[in-house]
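After the sequence you'll find the predicted model.
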Amino acid sequence: MLKQHNYQAADIKVLEGLEPVRLRPGMYIGGTDSKALHHLVAEIVDNAMDEVIAGYASEINVELSADNFITVTDNGRGIPVDKHPKYPDKSALEVILTTLHSGGKFSNKVYDTAGGLHGVGLSVVNALAKELIAEVRRDGAVWQQRYAKGAPTTELLKIREWSLRSGTKITFTPDPQIFKDGHLFNPSTVFAMVRSKAYLHKGVKINWRYYKDAKHVEENVKGDVPNAATFYFPNGLQDFINQQITEHETIIENCIYQETTFTEHVGKLEWALNWLQDDDATVVQTSYCNTIHTMQGGTHETGFRNALIKSIRQYASMVDAKIANQITIEDALQGAVFILSLFIAGPSFQGQTKERLLNPEATKLVENAVKSYLDHWFADNPQVGKQVLDKIINNCQQRLQARKNKEVSRKSPTKSLKMPGKLADCTAPRSQGTEIFFVEGDSAGGSAKQARNRELQAIFSLRGKLLNVASSSLEKMKANQEINDLVQVLGCGIGNNYKEEKLRYEKVIIMTDADVDGAHIASLLMTFFFLHTPKLIENGHLFLAQPPLFKVTQGEKVFYAQDEQEKDGIVNKLLKKSKARIDISRFKGLGEMTPAQLRQTTMDIKTRTLIKVVFATNENIDSETDLVQRLMGKKPESRFAFIKENAAKLIGIVDI
């Protein structure tokens, strides 16, 4: 029977002002997690950078206080404080801070190119801030207005006369009611963000100050985040590339670099590129638009990649390289480090968090500029160009060879395997004492490569979730590149072809994020090993790594916890000994951990904990196989929950 309800006008809820932001923050900043929290900082810093790009500011100050307030100051024009013609009872400052889709970036009269074009950045930050203080220096005075949760708590006040440089100062702290999982800023994240901005505009000076302890301002905090620093890079992206490759041997002595402006569009393009000799090194390949970090790339990055592969194939054909047409962009970018920065009028981003550029015209703009420059560079630098091409051809040959070989053995301690799955092999020629870590994604793989023991530990980066072999045909499994790479790396074969003596590593370790997705990936891997290499488990080669979920800090003391219970226990013990402030941070994934943290907690054989995967019983393997087939087969929505609750019935675990 259908429900009866009088659906009337009174049932229609109208959200006014900034209410929609507080009710649905995910629509504006992508969520309420750590990434979204730090997006608030990016919005304010990007506003200051827009003043720099427009030529009205030259210096930015970013401060993180001991009580979790962020302050961003620029020496630009200052936000207007006169009455707004559409809202005569409000200043322009209040309109910008309390009204969505307001600002000076909807026309090209104020900004030619800018990162914040939706007119929601500052107002969204205000809506999600427990407290925000706006201070403007202009029109012969310093003006100030305070806000709480998006609403003004004071009038616009003229607090003193001012005749020096104009500018804007925004101070805010996030609202814990919105960011319930954690509202404390990560100094490392903010520090890295601030430093990256300084590379993107030559000559801008950004001053950083971190008040870890207000009584000891001048002392450096523990780790890589200083209390004070000044970023000034006169060579822009070239300085960035050189900083990334300081500890590595490169093919090109001086990176390939181009800076150009567009005559048919308002904007400019800047990029830098180099290749490292060592493919195992973690490389940075990133792009920006109007100083916004486009983490998922976009049309400008597509243009760059198109230009790179076309220019390389053209050069390879010119020098009669027979393999020219088989070179892929993955071959060209293996071991490459690049940064791309585009400035255009009217950029269109995917979502408010601006992780991907969508402007279709950006592809051809970038492609034409980069292709022309690269063609001339290869022609003017034939000797170095040949070295670059030799590396790329070698990458291509290794990839093609890996595709042909189903199973291989480690041939020598100096020759690493090259394959699409991104294996960073260890150097030991024997299997005894060696380990391979299966990790999820390039970010986690990059941290693991830096954290590992290169002689004994290999890293294999998975691309997302593995094929569920329990619900797939044998033909589909054989056609899956990720499965083929995995079999190839292990070297021992599968099914009836399994050969214990050909296993290339003594320990096979699954190392995934300490969350539901990570556990799902681990279960898919264990399903593969259970069904196709049961002897690998039976002979004691399969293990699960135990990365921490929490970091607990009190002063200089640092502890790690694998779950809520362990975290609460650590906190209770610390509080019994001292009432000093305790900071708790949650790791969203392995990629968020520094290599030193990952090594200490998860990979160092002296300090880590592994879980050994064994059969619960050897008497009824057939029934266990049937159970795996049912759980991992036709009901994906229930399989992980069942495995998590009933793992002991299928696979036993032993701490070692």
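Nice, thanks for sending it over.

What confidence value was assigned to residue 215?
pLDDT for residue 215: 41.

go on, residue 562?
At residue 562, the pLDDT value in this model is 85.

surely it meets residue 548?
Yes: the pair formed by residue 562 and residue 548 meets the contact definition of Cβ atoms under 8 Å, at 5.4 Å. From N, CA and C alone the C-beta is placed, and that goes for glycine too.

Assign a three-state SS to residue 43, would you?
Secondary structure of residue 43, reduced to three states by DSSP: H, G, I helix; E, B strand; the rest coil: helix.

which residues sit in contact with it?
By Cβ atoms under 8 Å, 6 or more residues apart in numbering, the contact set of residue 43 is 116, 121, 122, 124, 125.

so where's the stretch 1-150 of the chain uncertain?
Counting by pLDDT under 70, the stretch 1-150 of the chain shows low-confidence ranges at 1-17, 101-120.

Any regions of the chain where pLDDT drops low?
Within the chain, the stretches falling below the threshold (pLDDT under 70) are 1-17, 101-120, 213-224, 264-266, 279-282, 351-353, 404-421, 464, 616-656.

rerun at 50
Filtered on pLDDT under 50, the chain yields the residue ranges 1, 7, 9, 11-15, 103-119, 214-222, 406-421, 619, 649-656.

the domain parsing of it - what is it?
The record assigns the chain these domain ranges, following automatic domain parsing: 19-232, 237-398, 417-546+590-655, 550-586.

out of residue 562 and residue 548, which sits in the busier spot?
Counted by other Cβ atoms under 10 Å, residue 562 and residue 548 do not tie: residue 548 has more neighbours, with 22 against 15.

The residue lying closest to the more buried one once chain neighbours are set aside: neighbour count?
If the residues on either side of it in the chain are set aside, residue 548 comes closest to residue 560, at 3.8 Å by Cβ to Cβ, 6 or more residues apart in numbering. For residue 560, the count of nearby residues is 20 (other Cβ under 10 Å).

Tell me who's in contact with residue 560.
The contact partners of residue 560, taken as Cβ under 8 Å, 6+ apart, are 548, 550, 551, 552, 597, 601.

The last one against residue 607, yeah?
This points to residue 601. Yes: under the contact definition of Cβ under 8 Å, residue 601 touches residue 607, with a separation of 7.1 Å.

Helix, strand or coil: sort out the residue nearest to residue 548 for me.
Look at residue 560: counting by three-state DSSP, its state is strand.

did I read that right, residue 584 in a strand?
Yes: when the secondary structure is assigned by three-state DSSP, residue 584 falls within a strand.

and it, bridged to which residues?
When assigned by DSSP bridges, residue 584 has beta-bridge partners residue 552.

you'd agree it is up against residue 554?
No: between residue 584 and residue 554 there is no contact, the gap being 9.9 Å when judged by Cβ under 8 Å.

Let me see the ranges of the helices in the stretch 501-650 of the chain.
Shown for the stretch 501-650 of the chain, the helices assigned by DSSP state H, counting those that start in this stretch span residues 516-532, 534-538, 564-577, 595-598, 621-631, 636-650.

which of residue 601 and residue 607 has more neighbours?
Neighbours per residue (other Cβ under 10 Å) separate residue 601 from residue 607, with residue 601 holding more: 21 against 11.

can you pull out the strands in the stretch 151-300 of the chain?
Using DSSP state E, counting those that start in this stretch, the strands found in the stretch 151-300 of the chain span residues 151-152, 157-161, 167-174, 205-210, 228-232, 256-261, 267-275, 285-289, 292-293.

Out of these, which is closest to residue 508?
Nearest to residue 508 among these is strand 285-289; the distance by Cβ to Cβ comes to 29.1 Å.

strand partners of that closest one, parallel vs antiparallel please.
strand 292-293 (antiparallel), strand 336-344 (parallel).

Pull out the buried residues from stretch 270-278.
If you call a residue buried by 16 or more other Cβ atoms under 10 Å, then stretch 270-278 has these buried ones: 270, 271, 272, 273, 274, 275, 276.

Would you enumerate the residues in contact with the first one?
Under the criterion of Cβ under 8 Å, 6+ apart, the contact partners of residue 270 comprise 236, 237, 258, 259, 260, 340, 341, 342.

Among those, which one sits closest to residue 373?
Nearest to residue 373 among the contacts of residue 270: residue 258, at 4.6 Å, using Cβ to Cβ.

circling back to that earlier point, list residues touching both of residue 562 and residue 548?
Counting by Cβ under 8 Å, 6+ apart, the common neighbours of residue 562 and residue 548 are residue 514.

Look through the protein and tell me its longest helix.
Determined from DSSP state H, the single longest helix within the chain is helix 382-404.

the inter-axis angle of it versus strand 336-344?
Angular relation of helix 382-404 and strand 336-344 on a 0 to 180 degree scale: 110 degrees, by axes from the mean of the first three to the mean of the last three Cα atoms, to 10 degrees.

immediately after helix 382-404, which helix or strand?
Towards the C-terminus, the helix or strand next in line after helix 382-404, according to DSSP states H and E, is strand 423-424.

Who are the packing partners of that following strand?
strand 457-462 (3 or more Cβ pairs under 8 Å, 6 or more residues apart in numbering; DSSP states H and E).

Can I get the strand it packs on in CSV, CA atoms only?
Listed in CSV are the C-alpha atoms of strand 457-462, where the atom choice follows Å, rounded to 0.1, in the frame of the first residue of the first chain:
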residue,chain,number,x,y,z
GLN,A,457,63.3,-6.0,-0.1
ALA,A,458,61.4,-5.6,-3.4
ILE,A,459,58.3,-3.5,-4.0
PHE,A,460,55.5,-4.3,-6.4
SER,A,461,52.9,-1.6,-6.9
LEU,A,462,49.4,-2.8,-7.7
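
list the buried ones in the helix or strand in which residue 306 is found?
Under the assignment given by DSSP H and E, the secondary-structure element containing residue 306 is helix 299-318. With burial defined by 16+ other Cβ under 10 Å, the residues of helix 299-318 counted as buried are 299-313, 315-316.

got the angle for it vs strand 336-344?
An angle of 130 degrees separates the directions of helix 299-318 and strand 336-344 when computed by the same axes, to 10 degrees.

need the next SSE after helix 299-318, C-terminal direction.
Beyond helix 299-318 in the direction of the C-terminus, DSSP H and E gives the next helix or strand as helix 329-333.

and for that next one, what are the contacting residues?
Outside of helix 329-333, the residues within contact range by Cβ under 8 Å, 6+ apart are 285, 305, 308, 309, 312, 392, 393, 395, 396, 399, 420.

one more time with 7 Å, if that's ok
Under the criterion Cβ atoms under 7 Å, 6 or more residues apart in numbering, residues 285, 305, 308, 309, 312, 392, 395, 396, 399 lie in contact with helix 329-333.

Start and end of stretch 261-269, how far apart?
Chord length of stretch 261-269, first to last residue, is 6 Å (Cα to Cα, to the nearest Å).

Same check on stretch 441-461?
With Cα to Cα as the measure, the first residue of stretch 441-461 is 6 Å from its last.

what distance separates that stretch from the middle of the whole chain?
Its chain's C-alpha centre and that of stretch 441-461 lie 16 Å apart, by Cα atoms, centre = their mean, to the nearest Å.

buried set for that stretch?
Per 16+ other Cβ under 10 Å, stretch 441-461 contains these buried residues: 441-442, 444-453, 456-461.

So the residue nearest to residue 589 when sequence neighbours are not counted versus residue 195, what's the distance?
In this structure, residue 589 finds its nearest non-sequential neighbour in residue 513, 4.3 Å apart by Cβ to Cβ, 6+ apart. Separation of residue 513 from residue 195 (Cβ to Cβ, to the nearest Å) stands at 26 Å.

Looking at the two now, which is surrounded by more residues?
residue 513 (22 against 16).

who's in contact with that one?
Counted by Cβ under 7 Å, 6+ apart, residue 513 has contacts 440, 589, 590.

what would those residues look like in TSV with neighbour count?
Converted to TSV, the contacts of residue 513 look like this (neighbours: other Cβ atoms under 10 Å):
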residue	neighbour count
440	26
589	18
590	27
